[in-house]
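In: coords please:
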Amino acid sequence: MEEIGQRNDLVWHFLGRLQRRKLKRIVGRVALIHSVESYEQAEELNGRAQEQGLLQAILLEVNVGGEETKGGFTHDALLADVSKLDQMPHLRIQGLMTVPPRVANPEAVRPYFCRLQQLANKVTAKNLSRLRMDELSMGMSQDYEIAIEEGATYVRIGKAIFGERMP
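Out: This next block holds a predicted model:
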């Protein structure tokens, strides 16, 4: 962001693991944070956005594969927390995000994408006043076509565009 500078034709999104020390640096600087993985993180972001007098757009990360190495809300934790999340006045919660387990056959991730869509439908059915499920961020270079078929509104295709990361 520093190298490119302020430009009106760019919209920045934050992807990846949120660390507490990074929160202060990204609130208000990005249009959308894709990876809020807990109620506590949302609370922290809401407080930081309040300090700056702004409304920060976020997606809630869901660990659809139940992987211990990944962060994110569980299905049950998200459903338990959505009413409290809906009360955070400085967050604009726009939907869900997931990264399914890595598998060799891209078709094998379809059930995970379906689970995220079903969870979004359950949240929508709660008729909350502020929290929305307009966005689903799911799918990467190897499986984005399946993600789109299952309702993705954002896909992460860096490898398809830029190639493999340098070690």
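In: in the longest helix along the chain, what counts as buried?
Out: In the chain, assigned by DSSP state H, the helix with the most residues is helix 110-125. For helix 110-125, burial by neighbour count (16 or more other Cβ atoms under 10 Å) applies to 110, 112-113, 115-117, 119-120, 123. All C-beta spots, glycine's among them, are computed from the backbone N, C-alpha and C.
In: ok, the helix or strand that it is followed by: who's next to it in the sheet?
Out: Downstream of helix 110-125, the next assigned helix or strand under DSSP states H and E is strand 135-140. Sheet pairing here is set by DSSP bridges, and for strand 135-140 it gives strand 91-97 (parallel), strand 154-156 (parallel).
In: ok, Val27 - contacts?
Out: 45, 48-49, 52, 54, 56 (Cβ atoms under 8 Å, 6 or more residues apart in numbering).
In: Now tabulate the residues you listed in JSON lines and tack on neighbour count.
Out: Formatted as JSON lines, those follow (neighbours: other Cβ atoms under 10 Å):
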{"residue": "Leu45", "neighbour count": "21"}
{"residue": "Arg48", "neighbour count": "18"}
{"residue": "Ala49", "neighbour count": "22"}
{"residue": "Gln52", "neighbour count": "13"}
{"residue": "Leu54", "neighbour count": "13"}
{"residue": "Gln56", "neighbour count": "26"}
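In: TSV for those, including distance to Met140?
Out: Formatted as TSV, these follow (distance: Cβ to Cβ, whole Å):
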residue	distance to Met140
Leu45	24
Arg48	28
Ala49	28
Gln52	31
Leu54	30
Gln56	24
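In: Can you classify the closest residue to Leu10 other than its chain neighbours as helix, strand or coil?
Out: Distances taken as Cβ to Cβ, 6 or more residues apart in numbering place Ile4 nearest to Leu10, at 6.9 Å, with adjacent residues excluded. Reduced to three states with DSSP: H, G, I helix; E, B strand; the rest coil, the structure at Ile4 is coil.
In: Ile4: neighbouring residues, count only.
Out: 8 (other Cβ atoms under 10 Å).
In: now swap in Met138 and tell me
Out: Around Met138 there are 31 residues (other Cβ under 10 Å).
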